[in-house]
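Novice: After the sequence you'll find the predicted model.
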Amino acid sequence: MDLSLFFAGTAGSVPTARRGLPAVLLRRGADRILFDCGEGTQRQLLRSVGLSDLDEIYITHFHADHWLGLPGMLKTFDLRGREKPLAIYGPPGLRALLHAMRHVWGGCGYEIAIRELEPDGMVEKDDYVIEAFPVEHRGDAYGYAIVEDDRPGRFDAALAERLGVTPGPDFGRLQRGEVVNGVRPEQVIGEDRPGRKLVISGDTGPSDELIEIAYQADLLVHEATFTSAEADRARQTQHSTAAQAARAAAEAEVRLLALVHLSTRYGGREVRDEARAIFPDTVVPRDFDAIEVPFPERGAPQLVRWDGAAPPSADPAAVAAEQG
């Protein structure tokens with residue numbers, strides 16, 4: 001199953017001409033899940049991959065740069081005639097915040113479910129979970145881990161046939177756990193293979209809990225608001241330097257580190273170079289870049305640069321909404 005993160009906004013607290021405010025879109029099969037929704041996020045999506053009917057939205061914390069794009073997006077969904085419910089998750093206080101803002105987007109013709117998560121809260125899907133964990137930032141702030149279930153081991157069809165199992169329905173019976181002609185499943189099916197794990201830090205200073213959660217993740221998306229030259233500023237504001245993010249990635253033994261939430265001080269290269277001196281497998285995505293995460297046996301996560309192609313054709317409801 002395809003799995004990727006699309007970076008709709010990679011700036012820090014202030015947007016630039018090249019970087020929008022924080023927003024990352026998880027694409028897994030047909031699932032479309034947004035993490036944070038900074039001001040302008042719907043416009044960023046419309047300019048790139050299109051504004052799909054998101055399944056869920058997760059907010060890391062309540063600083064305005066991480067959620068202020070939400071009211072406008074909710075209203076756009078209503079104007080487009082959305083019918084399916086939308087769940088919005090976040091730390092305690094999410095319900096009070098969104099209720100206070102309800103007059104901004106008015107009534108909606110679809111259900112909006114506001115769900116506050118505990119620090120170790122977990123949202124279970126069919127074959128993966130999204131887990132919240134506390135990070136080191138001002139006020140209640142979460143990171144999120146996307147963790148797939150283990151997958152069945154590889155089926156050795158050639159060995160099964162040599163042991164006397166006829167190809168066809170009997171292969172399926174073996175894979176479902178049945179004994180066939182005296183051949184046990186464990187004889188021809190390898191050990192379970194781990195699913196993929198992606199971790200999104202949100203805003204945070206150095207965090208032991210993040211390192212524990214991110215252990216051997218395929219991808220760690222970590223904020224790097226500053227370089228080490230601004231270490232004092234990072235400490236005062238509970239943000240991370242690129243070096244601190246790289247050390248966390250190295251300690252957690254992740255496969256790839258992606259740095260986001262860059263201050264307007266930097267173009268990206270300074271942050272990348274500082275991190276790579278500690279953790280070479282580091283990338284700094286630009287807006288509209290994506291990282292594709294294959295199963296481990298099929299290769300390493302890869303940064304895919306945006307090619308500037310036009311977004312997919314909008315559906316008729318979206319076009320009608322844009323035309324008023």
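Specialist: Everything's here; your move.
Novice: Kindly confirm my reading that residue 130 forms part of a strand.
Specialist: Yes. Residue 130: assigned to a strand according to DSSP: H, G, I helix; E, B strand; the rest coil.
Novice: And the pLDDT at it?
Specialist: Note for residue 130: predicted pLDDT of 98.
Novice: In the sheet, which residues pair with it? Tell me.
Specialist: Per DSSP bridges, the residues bridged to residue 130 are residue 123, residue 146.
Novice: Quick check: it vs residue 268, distance?
Specialist: Using CB to CB, to the nearest Å, residue 130 is found at 28 Å from residue 268. The C-beta positions use only the backbone N, C-alpha and C, and glycine is treated the same way.
Novice: likewise residue 93?
Specialist: Distance from residue 93 to residue 268, by CB to CB: 33 Å.
Novice: These two: which is more packed in?
Specialist: residue 268 (17 against 14; other CB atoms under 10 Å).
Novice: from memory that one sits against residue 260, does it?
Specialist: No. With contact defined as CB atoms under 8 Å, residue 268 does not reach residue 260; the gap is 10.2 Å.
Novice: hey, what's in contact with both of the two?
Specialist: Shared contacts of residue 268 and residue 260 (CB atoms under 8 Å, 6 or more residues apart in numbering): residue 284.
Novice: Share the number of residues neighbouring the closest residue to residue 278 other than its chain neighbours, please.
Specialist: Distance criterion CB to CB, 6 or more residues apart in numbering; nearest residue to residue 278, sequence neighbours excluded, is residue 246 at 3.8 Å. Residue 246 has 26 neighbours, counted by other CB under 10 Å.
Novice: likewise residue 62?
Specialist: 17.
Novice: Skip the chain neighbours and tell me the closest residue to it.
Specialist: residue 97 (5.8 Å).
Novice: Could you do residue 261 as well?
Specialist: Among residues not flanking residue 261 along the chain, residue 223 sits closest, at 3.8 Å (CB to CB, 6+ apart).
Novice: from what I can see that neighbour touches residue 205, true?
Specialist: No. If you go by CB under 8 Å, residue 223 and residue 205 don't touch, sitting 9.3 Å apart.
Novice: tell me, what's touching those two both at once?
Specialist: The contact lists of residue 223 and residue 205 share 239, 240, where a contact means CB under 8 Å, 6+ apart.
Novice: Just grab the bridge partners of residue 304 for me.
Specialist: Beta-bridge partners for residue 304, by DSSP bridges, are residue 290.
Novice: my read: residue 65 touches residue 20, true?
Specialist: No. Checked against CB under 8 Å, the pair residue 65 and residue 20 is beyond contact range at 10.0 Å.
Novice: which one of the two has more residues nearby?
Specialist: When neighbours are counted by other CB under 10 Å, residue 20 comes out ahead of the other of residue 65 and residue 20, with 25 against 21.
Novice: contacting residues around that one?
Specialist: Residues near residue 20 by CB under 8 Å, 6+ apart: 8, 9, 10, 11, 38, 40, 41, 44, 287.
Novice: For the first one, what is the enclosing helix or strand?
Specialist: So that's residue 8. Assigned by DSSP states H and E, residue 8 belongs to strand 3-9.
Novice: Now that strand - C-alpha only, CSV.
Specialist: Extracted C-alpha coordinates of strand 3-9, given in CSV (Å, rounded to 0.1, in the frame of the first residue of the first chain):
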residue,chain,number,x,y,z
LEU,A,3,2.3,5.6,2.0
SER,A,4,3.6,9.2,1.8
LEU,A,5,3.7,12.6,3.5
PHE,A,6,3.0,15.7,1.5
PHE,A,7,4.4,18.9,2.9
ALA,A,8,1.8,21.7,2.4
GLY,A,9,3.6,24.1,4.7
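Novice: avg pLDDT for it?
Specialist: 98.
Novice: quick one: residue 160 from residue 191, how far?
Specialist: Separation of residue 160 from residue 191 (CB to CB): 16 Å.
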